[in-house]
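>>> Task: produce atomic coordinates for the following.
(2 chains)
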Protein chains: 2
Amino acid sequence: MSNLNKLSAADIARGIAAKKFTAEAVVRDCLDRIADREPTVHAWATIDPDYALMQARALDRMPSSRGALHGVPIGVKDIIDTEYLPTEMGSAIYKGHRSFGDAACVALARMAGAVILGKTVTAEFAGMSPGPTTNPHNTAHTPGGSSSGSAAAVADFMVPVAYGTQTGGSVLRPASYCGCVGYKPTFNLINRQGIKFAAETLDTIGLIARTVDDVELVMAVLINKPPRYLRRDAPPRLGLCRTPLWDTAEEPTMQAVEDAAKRLAAAGASVKEIVLGDEFTKLYETARETINNYERSKSMAADWQHHPDKISKVLGGRIKEGLAMKHEDYIAALQLAERCRARIDDAYDGIDAIISPCVKGEAPVGISYTGEPGFQQFWTVLNGPAMSLPTHQGPQGLPVGIQLVAPRYHDDQLFACARWVMERLV
Amino acid sequence: MSNLNKLSAADIARGIAAKKFTAEAVVRDCLDRIADREPTVHAWATIDPDYALMQARALDRMPSSRGALHGVPIGVKDIIDTEYLPTEMGSAIYKGHRSFGDAACVALARMAGAVILGKTVTAEFAGMSPGPTTNPHNTAHTPGGSSSGSAAAVADFMVPVAYGTQTGGSVLRPASYCGCVGYKPTFNLINRQGIKFAAETLDTIGLIARTVDDVELVMAVLINKPPRYLRRDAPPRLGLCRTPLWDTAEEPTMQAVEDAAKRLAAAGASVKEIVLGDEFTKLYETARETINNYERSKSMAADWQHHPDKISKVLGGRIKEGLAMKHEDYIAALQLAERCRARIDDAYDGIDAIISPCVKGEAPVGISYTGEPGFQQFWTVLNGPAMSLPTHQGPQGLPVGIQLVAPRYHDDQLFACARWVMERLV
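Alright, predicted model coming up:
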């Protein structure tokens, strides 16, 4: 077989288990694709073919399967610690830095047989100052950020699945721009030992893949929950929440969301318009930013103290703002977030999942700006699981995803709704 | 002046600011005390006199104060990252390990002029398998754990204040056994960038000091909130919560709590008995342990994968248990914890702070067991601020603290009540 790099993680795991092909063959195809496309896409901060092949060959030599991800290559965002491979944070400060060992999410994947293929490009410290990655659909456009390399590598068939992190919109925005499935779990579902924090009450490790099933497959080993791949018999009860940012959306996003609502209703889903109260607007407009900057200034305190000259102007500005911020304002913001999290559960009464815009529109031209995070941020701070589904395309031929969100801890319900939606829209 | 090591952090900062003595003189007195007592107390995992003196002299040469902690020596629990000094986690796995740089709480203290005096002994990965530290009040007894070195060093006048972390009872128990003020803030108040997680939804960085004012002084620089050193005019409205563990308490603890309640009532406080519902018992008895072991198994995944032979039997058992634990049980435990956190706020209706047992009794004999964590764990999982106050003594002449707790985000109120209580009981 050829083009094993185009297979899903689930198909790779099945094929290796059935001895149709080896882990080494899969990794070779991924590395060939990378050799071919990396000079254009720049998705990888570190890729070491020998190290990847060594892992694959070791797995092929084993008398039995190591676990559910035996032989599945995974990309790891470069703010997540890995043994052997450097963790450089998209920053000159950490150039060549090697952490003590794997982050929890990397170790758990490795224990289940995954091949750690390499480290994917991150915007500086998972913020807004991007690396060199381009959008594989059109390299004149941004792939989004901050999990830029993870989205570009998965979209470009260099790897079937990659880790990202989302503090504002850093998993779902690049997934949407690159036409992938992006998944931010319920806050804190994936253990965060071994990541560099941006803002720790918001930071969530997530996944970028090409199928919903692959997301669930990887999650299964991270949280010890056998995948169920639930499919709905009955059409879902959907909410449609335009959010207070609706007027800032561009035409392709408005069309994608309204087209989705119309076609899903025609397929049998109930679709109920949901309007959230003013405190959600306040949470989005000011409190989220307060939490982000206050916590960011603390988590970056050591870097800021010793290397202010190596920190971008945009990030330095946030750190300075955060260091000056009053503790009382931070606590008030946390408390507003808690109230809204309790309130959003009410909005889900009689609703299985909510459809919402995911991005402002198609990926902007140029790679110096990773795009507007508003629509992703709005849901991140509410802590529920969120997915970007690659359902639509804009007039420039670039992907435009829609966002599907569900109540906290109802990640399975979100997966089931996502499958139902994907089968009807794509 | 001599014995500068016996001064509080506040007095050290004031004395240096008034040029009564230098930071170097303070550090020298601390180092002399350590040289004298360390062979008996074993509070330090790493102490490097030259490095400590170098920091102090650099501060003394500065034309103006660096901040509120200018010249104040601080001890740092050895699971918290520090530049230059190793971070060994109380584990052979991390022997000689140097992190990339300071954890957030260390960097922020350093930016405010603190001298990082050294790393204090931690039980293995902040768990239950202790290091060599003894109780300075009687070296035949445990100092408690897991922040063993921090409590012993502060109690023994080696350093005025030290960082600890509390997942179950790791700040308040050693503080109580060693006769210090222990403080676990509202969950997540001190930024956790740069610590090794035990169980990340419970891990809280805290402080061990000899006065309530010193706790507030250090907190001020960590959270950007000028200290107010509030003192109450009116006597506080106190709750008395024996918890479902009351029957497990030994005589000295029962006497301490009842004596405190009686004398504080005589001094004008209202004291209302508080009995919490069955779900709090269930939270303590099973859910807390579920959260702890599930998360512990993830945060230790890399260490467990590569070095199972270097992990103690007790910790290895928890990891194995956690890895086998069903995700559904973990989520149910998190949700019970959330319900109880919402409910406990009701219990504070008309109450400023709650008095509760802090420890089972005096520090047990021997240093192989750090003592029962139950009374501390009970409150940690509820996320509110908690203090151990050195108010009583048992029949063996060892300290027995009482615990004072307050609603989440009411840390200032807790400090004010703690001052009122200390002034009346000690």
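
>>> C-alpha from now on. contacts and neighbour counts both.
Noted.

>>> Would you agree residue A:57 is in contact with residue A:26?
No - the criterion here is Cα atoms under 8 Å, and residue A:57 misses it with residue A:26 at 10.7 Å.

>>> Pick out whichever of those two has more residues nearby.
The neighbour count for residue A:57 versus residue A:26, taken as other Cα atoms under 10 Å in any protein chain shown, is higher for residue A:26 (27 against 17).

>>> The longest helix anywhere in chain A and chain B in contact?
Longest helix of chain A, by residue count under DSSP state H: helix A:327-347. Yes - counting by Cα under 8 Å from any Cα of the partner chain, contacts between helix A:327-347 and chain B involve A:327-328, A:331.

>>> One more: stretch A:95-102?
Yes - Stretch A:95-102 reaches chain B (Cα under 8 Å from any Cα) through A:97, A:99-102.

>>> in the stretch 301-426 of chain A, which spans are helices?
Assigned helices in the stretch 301-426 of chain A, in chain order: A:301-306, A:313-324, A:327-347, A:374-380, A:411-425 (criterion: DSSP state H, counting those that start in this stretch).

>>> how about the second one: buried residues?
Yep, that's helix A:313-324 we're talking about. By neighbour count on 16 or more other Cα atoms under 10 Å in any protein chain shown, the buried set for helix A:313-324 is A:315-316, A:318-319, A:321-323.

>>> Would you mind getting the angle between it and helix A:327-347?
100 degrees (axes from the mean of the first three to the mean of the last three Cα atoms, to 10 degrees).

>>> picking that back up, just the closest of the residues of helix A:327-347 next to chain B to residue A:265, please.
Using Cα to Cα, residue A:331 is the member of the residues of helix A:327-347 next to chain B that lies nearest residue A:265, at 41.5 Å.

>>> Just the pLDDT at the spatially most distant residue from the centre of chain A, thanks.
The outermost residue of chain A relative to its centre, with distances by Cα atoms, centre = their mean, is residue A:63 at 34.2 Å. Here, the pLDDT recorded for residue A:63 equals 96.

>>> got it, and residue A:178?
As predicted, residue A:178 sits at a pLDDT of 98.

>>> buried subset of the residues of helix A:327-347 next to chain B?
A:327, A:331.

>>> mind listing what the most centrally placed residue in chain A touches?
The centroid of chain A falls nearest to residue A:171 when counting by Cα atoms, centre = their mean (2.5 Å). For residue A:171, the contacting residues are A:145-147, A:151, A:164-165, A:182-184, A:206-208, by Cα atoms under 8 Å, 6 or more residues apart in numbering or on different chains.

>>> could you redo the last one with a cut-off of 10 Å?
Residues near residue A:171 by Cα atoms under 10 Å, 6 or more residues apart in numbering or on different chains: A:144-148, A:150-151, A:163-165, A:181-184, A:204-208, A:376, A:386-388.

>>> same thing with residue A:106?
Contacts for residue A:106 were tallied using Cα under 10 Å, 6+ apart; they are A:74-76, A:80-83, A:112, A:114-116, A:163, A:193-194, A:222, B:301-302.

>>> Which of those residues fall in strands?
Those of those mapping onto strands are A:74-76, A:115-116, A:163, per DSSP state E.

>>> Can you name the residues of the stretch 151-300 of chain A sitting close to chain B?
A:188-201, A:220, A:222-226, A:294-300 (Cα under 10 Å from any Cα of the partner chain).

>>> ok, 6 Å please
Selection of the stretch 151-300 of chain A residues close to chain B by Cα under 6 Å from any Cα of the partner chain yields A:193, A:224-225, A:298-299.

>>> Hmm, residue A:71 is touching residue A:114, no?
Yes - if you go by Cα atoms under 6 Å, residue A:71 and residue A:114 touch, sitting 5.4 Å apart.

>>> ok, these two, which is more surrounded?
Each of residue A:71 and residue A:114 has its neighbours counted (other Cα under 10 Å); residue A:71 has more, 34 against 27.

>>> For that one, which non-adjacent residue is spatially closest?
Nearest non-adjacent residue to residue A:71, counting by Cα to Cα, 6 or more residues apart in numbering or on different chains: residue A:23, 4.6 Å away.

>>> In this structure that neighbour contacts residue A:55, no?
No - at 8.8 Å, residue A:23 does not count as touching residue A:55 under the criterion of Cα under 6 Å.

>>> So these two - more neighbours on which side?
residue A:23 (29 against 21).

>>> okay, the more buried one: pLDDT?
pLDDT at residue A:23 comes out at 98.

>>> What of residue A:2?
Reading off the model, residue A:2 has pLDDT 83.

>>> could you say which helix or strand contains the residue lying closest to it once chain neighbours are set aside?
Nearest residue to residue A:2, sequence neighbours excluded (Cα to Cα, 6+ apart): residue A:29, at 7.4 Å. Assessed by DSSP states H and E, residue A:29 sits inside helix A:23-41.

>>> Give the buried residues for that helix.
Within helix A:23-41, the residues scored as buried using 16+ other Cα under 10 Å are A:23-34, A:37-38, A:41.

>>> What's the local residue count around residue A:19?
Counted by other Cα under 10 Å, the residues lying close to residue A:19 total 11.

>>> Quickly find the element holding it.
Short version, using DSSP H and E: residue A:19 is in no helix or strand.

>>> measure it to residue A:12 for me?
As judged by Cα to Cα, to the nearest Å, residue A:19 and residue A:12 stand 10 Å apart.

>>> picking up where we left off before, quick one: which of the residues of stretch A:95-102 next to chain B is nearest to chain B?
Chain B lies nearest to residue A:102 out of those, by Cα to the nearest Cα, at 5.7 Å.

>>> Torsion angles phi and psi at the spatially closest residue to that closest one that is not a sequence neighbour?
The spatial neighbour of residue A:102 that comes closest, neighbours along the chain excluded (Cα to Cα, 6+ apart), is residue A:82 at 4.0 Å. Dihedral angles of residue A:82 (phi, psi; degrees, to the nearest 10) stand at phi -140, psi 140.

>>> what do you get for the one 10 residues further on?
Dihedral angles of residue A:92 (phi, psi; degrees, to the nearest 10) stand at phi -60, psi -20.

>>> On the pLDDT front, check the nearest residue to it once chain neighbours are set aside for me.
Leaving aside its sequence neighbours, residue A:92 sits nearest to residue A:310 (Cα to Cα, 6+ apart; 6.5 Å). Listed pLDDT for residue A:310 reads 98.

>>> Counting neighbours, what do you get for residue A:310?
With other Cα under 10 Å as criterion, residue A:310 counts 13.

>>> roughly how far apart are it and residue B:353?
Separation of residue A:310 from residue B:353 (Cα to Cα) stands at 46 Å.

>>> cool, and residue A:280?
If you go by Cα to Cα, the gap between residue A:280 and residue B:353 works out to 32 Å.

>>> now swap in residue A:256 and tell me
Counting by Cα to Cα - residue A:256 and residue B:353 are separated by 53 Å.

>>> What of residue A:369?
For residue A:369, the distance to residue B:353 equals 50 Å [Cα to Cα].
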